[in-house]
Every structure is written in structure tokens, then in C-alpha cells.
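Novice: Attaching a predicted model along with its sequence, questions to come.
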Amino acid sequence: MFHEVNSKINFAKLDEDILHYWEEHNIFNKSVEARKGAQRYVFYEGPPTANGSPGIHHVLSRLFKDAVCRYKTMKGYYVPRKAGWDTHGLPVELEVESTLGFTNKAQIEEYGIAQFNQKCRESVFKYIKEWEAMTERIGYWLDMENPYITLDNGYIESCWWLLKQLWDKGLVYQGYKVTPYCPRCGTSLSSHEVALGYRDDAVDPSVYIKFKVPEKTVTEYLQKFGADPGLPTYLLAWTTTPWTLPGNTALAVAPEADYAFVKISIENRGEQLILAKTLLESGLTNRYEILGICKGKELMGERLEGKGMEYEPLYRLPEQLYRRWKFVFSGGEAIEPGGLVQESPARGENFWLIAEDFVSLDEGTGIVHVAPAFGEVDYKAGESNGLYFVQPVDERGIMKGDPRFEGKFVKDADPLILEDLKSRGLLYRSEKITHTYPFCWRCESPLLYYAKEAWYIKTTAIKDRLIRGNKEINWYPEYIKYGRFGDWLENNVDWAISRERYWGTPLNIWRCESCSNLECLGSIEELKARSKLTADSYQLKAFRDLHRPYIDEITFACSGCNGVMRRVPEVIDCWFDSGAMPIAQWHYPFENKEQFEQNFPADFICEAIDQTRGWFYSLHAISTLLFDRPCFKNVVCLGHIVDAHGEKMSKSRNNVIDPWLVVDNYGADVVRWHLLTAAPGENVHSFSMQMVAETMRGDLLTLWNTYSFFVLYANIDHFVPQGKVVALSPSHLDNWIISELNRLIADMIKALDDYDLTSAARKAGDFVDELSNWYVRRSRRRFWKSEEDVDKLAAYNTLYQCLVTLSKLLAPFVPFTAEEIYRNLV
């Protein structure tokens, strides 16, 4: 006899019963250990950041990972599943700042780094408990008793060892260059962090600025191209960042483009503007008359002392803010750029035009405003042309150097700068534009491209190896391989790994205060040996907690001059932490060498598609840098979750759905089945409570009703299973459904082997429909009749075989329902 089945199923209540059974009988561990000694299937859990409660989008990735690991286990593989928690970085710091009511770094330092970092530690463990609860609730089988945690000393030490290997290879350096920078968080960001924060709905000024050309230049040079020496003459440039204009030190033109001298009338006063001929119609709002045309390289004029055609600076800032690139000379000729030296423009000195291939004729005016302090391209142009460099913005994003804007945040300075230019007759046109702009991926502040010192890993040195390694990886969907991820590798830039923050793996580089000698230490033992601490030293606390501020106190003697070696103040990018997990999760190479080797590389990883520029990239980069090979073989990329109207879920839109609410109302299996079948994994997933309710009323309720029907009549007739159906059933209907079942098994195995979970689940759903609406509906009289004959027994055996087999096939997808059916029937 089978236990009775309530046809009015409460899937959420079923979850509770099954969870209790799994826990009481230690089913997860038994399922893993039963395969010990079999072929290993290596899975890496991408560590979620413990900075907040899990959302419905986290459920999506976790159920996909769970389904694959359950399937591989059922196929006989040994599949350990080590949990992991990402506990460092801006996400955690900003959560704690919010709790404390802080808005800037100064408040953190006043509060105390030790206290602040302790709050960060407490915060992540609070959220880890929430993540563990949700992980268990949705049936994601994961070893949460032995997780890797990025804040652990052993994990940090492995990261130090890893960076030391790169240091010894000459792949770590400190550079002064333009880097993406968040003024709110006060830190540089990596290119892959920037990629996570782009918005295509940013609204900014779109302004056309007039740069005055000296009358002497017009008379002595431009007149031969048709310019009118009697008209005030201006170079017209376009920008969407007016706040960078005080940092302007050059204008760039395209050398082979045609530039027009046009006469316009403004308030009954004639003026002469210079801009690219192909952009006259889009750039000008006035009627115009073309007076002459010349090439960009002609417009520059004869170069004298490195200068082209001059124009008057928009702003002249205090001379102490200026520096200038000098050149290295050989045989009287400049052969390469030198460094920046303190030098300001002479009184009345003008700036000049340069010719650059980066100047685009797609929009604007064909004349680019160059501010070397605020753009990577601008910085390189300044370096190669020996331009002046001026930094009118501090690291908080506050303007300085001009009393009209001083003390204003850059974006707040925009209207003031435009009003000033308008009052001087230098603002030709001002509008608003909606365009793509990068924002901080964590605090959502607009980023600045800001010239400053930062530490880098030279990933450009291994670009070819990164691309070659990508060819060995199977991507699902396949187009990501040479599309989104491949493009990212093709355009690889050096990885900015330093963060001017507090809660993170300390950057393990020490600098001599006397001679500036640098050393990178790769282990705790090495640091202990160099620092020679006494037993009662306060600094010993650092070896119990490697975080700031304790690690900052550890100094040692310089090997060169015997001066004091002090750690640089930065911490390491938290993406470096997570990318190091194949190594650091085992505290390799300090211990667990065998475990590391057995679990490298991974057979399977899976996360949302944005991780192509996040965790997927950091994994691939670190593995290639260290081992010259990929660290994962198969990767599944998942789409994002949106609401029923296709809108991104956010608190500001009030459309966020609490996963606990959905799971507690409808049950984990209903949510799992909806997310697995509603759309292929890589697609955008629409999600709402109503959609989940509709899913429940579909395949799962149909399956349950079929199961309930079978148990009801099987118990009435005291049916005892007799094994598999014989090859020649007296019923064609039996033979047909068994044939369909066998086809389903083959199709699902093929789909699952190809990591196509949605196709596999949908095929199972189609079979459930056939089983209920065709087989059972047309076999009811066989179950209802009173006599016990071969036909009735065949019907019972056939339906029994279908339900038991279905419970196995569905176990990776809806494990609670599958467990209930299998336990009752077998």
C-alpha cells in the first residue's frame, strides 16, 4: 500500500516535509559520499557577495547550478559542492556606511578603521546566515559546513602568494594614468567593474563651445585659406562634460578631414567659426556662409617648439596646478615622452591644436576638447604632444582653482561653467542629451576618468594567451564565446587592482620611506621573519587578523638602505579575491595540494551574463597569468530577471519581489519549474507572482493529479508493482506511452549533457501532458473496472513505471516533488 495522497496539494507544505526528511537522514552528504571514488565532476560555486539579502535573481542562478550538479550525481559522478562567500570590497563597505549613516571616507577614518572593519565582518556573517537559509529553502544542495570565505587569513595568504608570483614575473606595477574613479567611494575601479555600471539613460549637457583664435593667427596664417581677418574667429568644439573645460590644454583635429571657415551672424554681429565640413548641418543652428576649406593638418600650421595653431585658453588657473610633459632627447631630437614636471604656461601664453586619429566625424564638430587629466585618450595625447596638464578637480570630485566654481561637485559645476561661458560669449549652443555613461557599480555615483596613481596587473601582456585559452572553453550559449567575452578579451586593458579603501585583502607591497624600494611579500611566514616582532608586540594582532589597520603597523628594514619599509595603504580589488577561489579556497600552496590538483580545472560554472566582465573574467585572467590555461571547461551564462512588464527590478520602481514570499506561498519547486521552463537560461526572464501561480496550475499540478489518481486506485485494488512492463503489452496505448517515455529519457539526457536545462524540462512537461491527457484519460475505464485482469494490471504497471521514471528525470528540477513521488512509490 502507498500512503494516501491529498489531491489538494500544498507545495510549500510539501517542501517542509521533504526538507525535514533530507536533514534527518543526511541525504545530501550521503548522495555525494556514495559516489566517492567515482569520476570527479568539479563545480565551482561563484561566491555571492554577502552585502544584502538574496533576491529572486540569485535564486535563478542557484537552481540552475543545483540542477546540473544533481544530474551529474545521478549519472554516477562524484560531485562535491563547496559553498563560498565573497566578503570584501565596496559592496560590503557601502552597506555598513549606510547602517552608520556615513557618506564619505573621512567619516570612516574619524570613526576608526578597526571599528569600521569589525562592523563589516559582523555584517557579512549576518547576511551569510540569510543566504544559507534561502539556499536550503530552495533545495540547493551545497556544502555550507565547509565553505571558503574570502576574509579568512588562509584565503588572504593565498591571494598574497598569487600576487607575489605575478610580481616576480614583472606583471605588477604602479602607474600614473587615467583610471575610472568613483568620487563618492574615493577609489579607482577596474575596467570590468566599470562595465557592470553602464547606463544608457544618462542625461547630460550637450554643449558647443567657442575657443577664441588670436587675431594675429587669422591675419598671418588662416587668411590664405579664405578666412576673413575682419571677423572674430573661433574653433567650435563639442562636449558632454562641461566640468572638464577648466582642464582643457589642447584641441584636437583629424589630420585628413576637411575643415570649413564659416561666417554666421549672432545678434546682428558677424562671427567666423571653424569646424569639420561634414558636420556643418548637424553642428550649426544658424545660417552660414562657407568662406574657405582646409585639411586638419593644414589648419594646425607650421609647428614651432611643438606647437600648432594657437587659441586662447578658456580658463587660466593658479600656476601651481599645472605640470607639463617633457621629452627625452637624443642627438637633439625628442625620441620619447618623459615624465610630468612642474611647469605652468607663461603669462598670456596660448594653447595649441594637435592632430590625432581618435578625432571622430560621427558627431560633434570634428574638433575635440582635450583635458589630459580626465580621459585615457586625452592623457596619451598630452604625453605624446608635450601638453600642459592641469588638475582642477580633487579626489572627492570637487572643483578647485577657480573661485567661480571652487567647492562644487563636478556635476553641480556644469551649469555654473556654462553660465560663465555664456556671459563671455563663448557658449554657442547648449542642449540636453541622453547617452551611455558609466556609474559606480555599487553606489551609482557618476564615475570620473581621473589621472592618478594606482597599482595594475599587466593583463595586456597576456592578451594572446587569454584569447587562446578562451578557445578551449565551452560557452552556453555559444555566441558569448567570441561575442561578449571574446570582444572583452580583444579590448583587454591592464587590471587596476588597488582600491583606496579599508575592508579588503591588504595589498601585500611594502615601500621604503627613505629610498622608495618596493618589496612584495607572499606569505605570513615571510612577513614574520622580516618584521622580527617580539612576543608582546601589538603588531602580532595582524597575524590573527590580516586586515587593516593591524597589517598597516607591521614594518621591517629595507634590504637596500636599512630604512623603514611600510605597507602601501591600498587594498586589493575584491574581484581578485573571487577570481583566486580555485587556489585560495584550499589555502594553496601552503596546504591541501592534493585537493587543489583534484579540483582544477572546473568542469562547470554558472552565473548571470554580466559576469563575463566580472567573475568569469577574473577567473580566466588569474588562471592564465599563473598557469597559462583556463580554470573552467564549461560555463553557462544566464539572463537577467525583469518584472511582468519587462522592467528591471529595483526598489525605486517598487517592483522587487521577495523570494521568501514567493517560495512560502507557492513552494520551491513551483518557482524552480517556472524559472527553468518559462524561458531559456540565457534569455531575459519575466517574473511575477501571477506567472508563478500559472506555472503551478500547469505541469506540476497535472503531474500531481496523475500521481494522486494512481495512488487512489492502486490502493483500492491493492496493486503491487511487478517491475518493468513486458515488451508486448496487450495494449497499444501502453506500448505507445512507454515508447514516449524512452524517447523522453534519451532526449533529456542529450539536452542535459549540452547544459540545455530548459529544453530538458520542457520535454518533461510535454510528456506529463501526454501522460495525463492522453494515456490516463484514455485508460480510465481500465482502472475503474472491477475485474482484476491482465489489461488492468498492465495499465497499473505502465503508469507506475512512468511515474517512477518521471520522479528520477524530474529530480534535478523539482527535487521536493520528485522525492515525494519516489519515496511513496518505490
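Specialist: All right, it came through fine. Residues are numbered from 1 along each chain as shown.

Novice: Point out where the stretch 501-650 of the chain drops to low pLDDT.
Specialist: 533-540, 542 (pLDDT under 70).

Novice: Provide the secondary structure category for residue 125.
Specialist: The three-state assignment at residue 125 reads helix, by DSSP: H, G, I helix; E, B strand; the rest coil.

Novice: ok, and the closest non-adjacent residue to it?
Specialist: Closest residue to residue 125 apart from its sequence neighbours, by CB to CB, 6 or more residues apart in numbering: residue 50 at 7.6 Å. Placement of C-beta: from N, CA and C, glycine included.

Novice: and the one you found, how far is that from residue 58?
Specialist: As judged by CB to CB, to the nearest Å, residue 50 and residue 58 stand 12 Å apart.

Novice: Which one of these two is surrounded by more residues?
Specialist: Shown here are residue 50 and residue 58; by other CB atoms under 10 Å, residue 50 has more neighbours (27 against 19).

Novice: list the contacts for that one?
Specialist: Going by CB atoms under 8 Å, 6 or more residues apart in numbering, residue 50 touches 85-87, 92, 123-125, 127-128, 131.

Novice: What of residue 68?
Specialist: Contacts of residue 68 by CB under 8 Å, 6+ apart are 43, 604, 606, 636, 752, 755, 757, 812.

Novice: let's see 6 Å
Specialist: residue 604 (CB atoms under 6 Å, 6 or more residues apart in numbering).

Novice: Count the neighbours of residue 679 for me.
Specialist: 16.

Novice: Need the phi and psi values for the closest residue to it other than its chain neighbours.
Specialist: Nearest non-adjacent residue to residue 679, counting by CB to CB, 6+ apart: residue 685, 5.2 Å away. The phi and psi values for residue 685, taken as degrees, to the nearest 10, are phi -110, psi 120.

Novice: and the gap between residue 685 and residue 678?
Specialist: 6 Å.

Novice: okay, these two: which has more neighbours?
Specialist: The residue with more neighbours, out of residue 685 and residue 678, is residue 685; 21 against 18, by other CB under 10 Å.

Novice: Quick check: that one touching residue 677?
Specialist: No: with contacts counted by CB atoms under 6 Å, residue 685 stays clear of residue 677, the gap being 10.6 Å.

Novice: May I have the phi/psi pair for residue 212?
Specialist: The phi and psi values for residue 212, taken as degrees, to the nearest 10, are phi -70, psi 130.

Novice: Wait, it touches residue 312, no?
Specialist: Yes: A contact is recorded between residue 212 and residue 312 when judged using CB under 6 Å, the distance being 4.3 Å.

Novice: Next, residue 446: phi, psi?
Specialist: Taking degrees, to the nearest 10, you get phi -60, psi 140 for the backbone angles of residue 446.

Novice: same deal with residue 667?
Specialist: phi 90, psi 150.

Novice: gap between it and residue 823?
Specialist: Taking CB to CB, one finds residue 667 at 17 Å from residue 823.

Novice: between the two, which one's more packed in?
Specialist: More neighbours surround residue 667 than the other of residue 667 and residue 823, with 26 against 13 (other CB under 10 Å).

Novice: Number of residues surrounding the spatially closest residue to residue 549 that is not a sequence neighbour?
Specialist: Leaving out its chain neighbours, the residue that sits closest to residue 549 by CB to CB, 6+ apart is residue 113, at 4.4 Å. Neighbour count of residue 113, defined by other CB under 10 Å: 16.

Novice: of the contacts of residue 50, buried ones?
Specialist: 85-87, 92, 123-124, 127-128, 131 (16 or more other CB atoms under 10 Å).

Novice: Redo the residues you listed as CSV? Include distance to residue 63 and pLDDT.
Specialist: What follows is the buried ones among the contacts of residue 50, written out as CSV (distance: CB to CB, whole Å; pLDDT from 0 to 100):
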residue, distance to residue 63, pLDDT
85, 19, 98
86, 20, 97
87, 23, 97
92, 25, 94
123, 26, 96
124, 24, 97
127, 20, 96
128, 19, 97
131, 14, 97
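
Novice: Is it possible to get TSV of the residues you listed that adds distance to residue 568?
Specialist: Formatted as TSV, the buried ones among the contacts of residue 50 follow (distance: CB to CB, whole Å):
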residue	distance to residue 568
85	27
86	23
87	22
92	21
123	26
124	25
127	30
128	30
131	33
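
Novice: Would you mind checking which of those residues is nearest to residue 671?
Specialist: residue 131 (16.5 Å; CB to CB).

Novice: List the residues that contact the most centrally placed residue in the chain.
Specialist: Geometric centre of the chain, nearest residue: residue 614, 3.7 Å, by CA atoms, centre = their mean. Contact analysis of residue 614 by CB under 6 Å, 6+ apart lists residue 192.

Novice: Distance of it relative to residue 322?
Specialist: Counting by CB to CB - residue 614 and residue 322 are separated by 39 Å.

Novice: Likewise for residue 293?
Specialist: On the measure of CB to CB, residue 293 and residue 322 end up 35 Å apart.

Novice: Look up how far residue 414 lies from residue 663.
Specialist: 47 Å.

Novice: If you count surrounding residues, which of those two has more?
Specialist: In this view residue 663 and residue 414 are compared by other CB under 10 Å, and residue 663 has more residues nearby, 24 against 21.

Novice: Helix or strand: which one has that one?
Specialist: helix 659-666 (DSSP states H and E).

Novice: outside of that helix, which residues touch it?
Specialist: 12, 56, 59, 137, 671, 692, 696.

Novice: Now flag whichever of these is closest to residue 231.
Specialist: Among those, and counting by CB to CB, the member closest to residue 231 is residue 56, at 63.4 Å.

Novice: Look up the pLDDT of the closest residue in space to the closest one that isn't next to it in sequence for me, please.
Specialist: Leaving aside its sequence neighbours, residue 56 sits nearest to residue 659 (CB to CB, 6+ apart; 4.7 Å). On the pLDDT scale, residue 659 is placed at 94.

Novice: Do a quick rundown of the strands in the stretch 201-350 of the chain.
Specialist: Using DSSP state E, counting those that start in this stretch, the strands of the stretch 201-350 of the chain run over residues 233-239, 250-253, 258-266, 269-276, 288-295, 310-311, 322-330, 333-342.

Novice: Turn the ones you listed into a markdown table, including distance to residue 628.
Specialist: Formatted as a markdown table, those follow (distance: least, CB to CB, whole Å):
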| stretch | distance to residue 628 |
| --- | --- |
| strand 233-239 | 44 |
| strand 250-253 | 40 |
| strand 258-266 | 49 |
| strand 269-276 | 47 |
| strand 288-295 | 48 |
| strand 310-311 | 51 |
| strand 322-330 | 35 |
| strand 333-342 | 31 |
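
Novice: Compare these and give me the one nearest residue 772.
Specialist: Using CB to CB, the nearest of the strands of the stretch 201-350 of the chain to residue 772 is strand 233-239, at 65.1 Å.

Novice: ok, back up a step: and the gap between the residue nearest to residue 679 and residue 418?
Specialist: With CB to CB as the criterion, residue 685 and residue 418 are 43 Å apart.

Novice: Same check on residue 694?
Specialist: Residue 694 is 53 Å from residue 418, by CB to CB.

Novice: if we can go back for a sec, need phi/psi at the residue nearest to the centre of the chain.
Specialist: The phi/psi pair for residue 614 (degrees, to the nearest 10) is phi -120, psi -110.

Novice: how near is it to residue 377?
Specialist: In terms of CB to CB, residue 614 sits 25 Å off from residue 377.

Novice: go on, residue 249?
Specialist: Taken as CB to CB, the span from residue 249 to residue 377 is 14 Å.

Novice: In terms of packing, which of these two has more residues around it?
Specialist: Set residue 249 next to residue 377 and count neighbours by other CB under 10 Å: residue 249 wins out with 24 against 16.

Novice: hang on, the earlier thing: ok, residue 293 and residue 322, which is more surrounded?
Specialist: residue 322 (19 against 15).

Novice: Would you mind identifying the helix or strand in this structure with the lowest mean pLDDT?
Specialist: One helix or strand of the chain scores below all others by mean pLDDT, DSSP states H and E: strand 333-342, with a mean of 63.
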